[in-house]
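> Here is my input, please return the structure:
(one chain, ligands or ions: 1)
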Amino acid sequence: MAIQLQQVSYTYADRSLWRQTALHGINLNLPSGSMVGIAGATGSGKSTLLQLFNGILKPTEGTVSVLDVTIRAGEKSPKLLPLRRRVGLVFQFPEQQMFEETVEKDLCFGPLNFGLSLEEAKERTRKAMTDMGLDLGLLERNPFRLSGGQMRKAAIASVLAMDPDIVVLDEPTATLDPISRAELIGLLERLCREQGRTIIIVTHRMDELLPYADRWVLLKEGELAFQGSSQELAADSDILERCGLTVPQSLRYWRAVADRFGLAGEKPRLTAGSLAELIASLPGAAEGPGLAGKRDSYE
Ligand SMILES: Nc1ncnc2c1ncn2[C@@H]1O[C@H](COP(=O)(O)OP(=O)(O)OP(=O)(O)O)[C@@H](O)[C@H]1O
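Prediction:
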């Protein structure tokens with residue numbers, strides 16, 4: 001298991017009058033090498049949860065286990081520096097944290113800080129750029145002369161340059177155009193499938209992650225409302241509304257097709273293409289009540 005939480009609660013300003021409990025009694029298991037989506041209404045505790053994953057926050061109650069490190073409430077923490085290298089946290093708008101005069105210097109900063117030689121740091125930097133689909137020619141550029149999409153990818157590459165086992169991203173596609181969003185999710189999926197990294201993404205756009213996520217975690221007012229596979233989520237999609245979230249279009253379409261043709265137990269088809277393919281393969285589907293004429297809108 002990459003991350004395990006047992007009975008974890010987190011309270012901000014715990015010993016003050018302004019104490020605010022953001023997470024209550026969370027039990028969570030996130031397997032190594034999986035792609036995980038985290039969703040929940042605003043203020044439900046998503047960012048607080050992410051910060052427990054690399055020890056920025058320590059649980060007020062319960063136990064957080066990440067890789068081989070265990071952090072228990074009320075006990076002295078183990079050394080967290082190695083954990084910070086192995087769990088890369090990408091905040092919202094990470095490009096705002098770029099500060100060096102060239103992309104290369106920015107990307108080398110972390111690895112050099114963790115004791116790598118300049119040559120090793122440069123090597124890591126080149127690999128991270130390639131993993132993010134960026135031309136190595138951009139290394140000499142000033143980060144602030146990159147396009148918005150390139151800057152976002154370079155900022156994520158600066159976390160990848162640390163070679164983390166787990167990459168945690170808070171709304172990585174925010175403000176990107178639709179093509180850049182799809183491309184970025186595709187690149188993150190490759191980090192998971194081809195390199196075995198655990199990728200955890202907080203998203204308000206469940207539609208774009210649904211076809212790729214192995215697991216989903218839903219939070220509601222600081223409590224865990226759901227954890228399970230996309231298939232389990234598709235079977236219980238009303239939970240999304242109970243969490244104050246809109247049911248994504250792809251799940252609505254899948255549910256209509258699955259109900260009509262008795263496919264509820266099947267792996268959900270959550271891209272327009274895979275759903276259209278399924279409908280085309282169903283005998284008499286085009287004439288089916290409620291589906292005829294809808295096919296165009298799937299494509
Ligand atoms: N530094 C803080 N001090 C006190 N309370 C906080 C602090 N940060 C967050 N909170 C509170 O903790 C709760 C959870 O906040 P959190 O930022 O984790 O939610 P979120 O799901 O990430 O929200 P959003 O989607 O709006 O980013 C909220 O009630 C919030 O007001």
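
> Tell me where the protein has helices.
46-52, 81-86, 103-113, 118-131, 148-160, 178-193, 206-209, 230-235, 238-242, 249-261, 272-281, 295-298 (DSSP state H).

> Throw those into TSV and include mean pLDDT, distance to Ile3 and mean neighbour count, thanks.
The way it works is simple: take the backbone N, C-alpha and C, and place the C-beta from them, glycine included. As requested, these are exported to TSV (pLDDT from 0 to 100; distance: least, C-beta to C-beta, whole Å; neighbours: other C-beta atoms under 10 Å):
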stretch	mean pLDDT	distance to Ile3	mean neighbour count
helix 46-52	96	9	22
helix 81-86	90	11	16
helix 103-113	95	21	21
helix 118-131	97	22	17
helix 148-160	94	17	23
helix 178-193	95	14	16
helix 206-209	93	18	21
helix 230-235	88	19	19
helix 238-242	94	21	14
helix 249-261	88	25	18
helix 272-281	84	29	15
helix 295-298	45	35	12
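
> TSV please, covering the ones you listed and showing distance to Leu23.
Below are these laid out as TSV (distance: least, C-beta to C-beta, whole Å):
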stretch	distance to Leu23
helix 46-52	6
helix 81-86	19
helix 103-113	28
helix 118-131	31
helix 148-160	24
helix 178-193	25
helix 206-209	21
helix 230-235	21
helix 238-242	18
helix 249-261	26
helix 272-281	35
helix 295-298	38
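
> Let me know which of those is the nearest to the ligand.
Ranking those by proximity to the ligand (C-beta to the nearest ligand atom) places helix 46-52 first, at 3.3 Å.

> Name the residues that touch the closest one?
5, 8, 10, 12, 22-23, 26, 38-40, 57-59, 64, 89, 168, 170, 200, 202, 217, 219, 222 (C-beta atoms under 8 Å, 6 or more residues apart in numbering).

> so which of those are also by the ligand?
12, 22, 40 (C-beta under 6 Å from any ligand atom).

> Identify the residues contacting the residue lying closest to Ala182 once chain neighbours are set aside.
Nearest residue to Ala182, sequence neighbours excluded (C-beta to C-beta, 6 or more residues apart in numbering): Glu208, at 6.7 Å. Contacts for Glu208 (C-beta under 8 Å, 6+ apart) come out as 173, 181-182, 185.

> And those, which two are furthest apart?
Thr173 and Ala182 (8.6 Å; C-beta to C-beta).

> Now do the strands in the stretch 1-150 of the chain.
Counting by DSSP state E, counting those that start in this stretch, the stretch 1-150 of the chain has strands at residues 3-12, 20-30, 35-40, 61-66, 69-72, 87-90.

> With mean pLDDT and mean neighbour count added, can I get these in CSV?
Output for the strands of the stretch 1-150 of the chain, formatted as CSV (pLDDT from 0 to 100; neighbours: other C-beta atoms under 10 Å):
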stretch, mean pLDDT, mean neighbour count
strand 3-12, 98, 19
strand 20-30, 97, 18
strand 35-40, 97, 24
strand 61-66, 97, 20
strand 69-72, 95, 17
strand 87-90, 94, 24
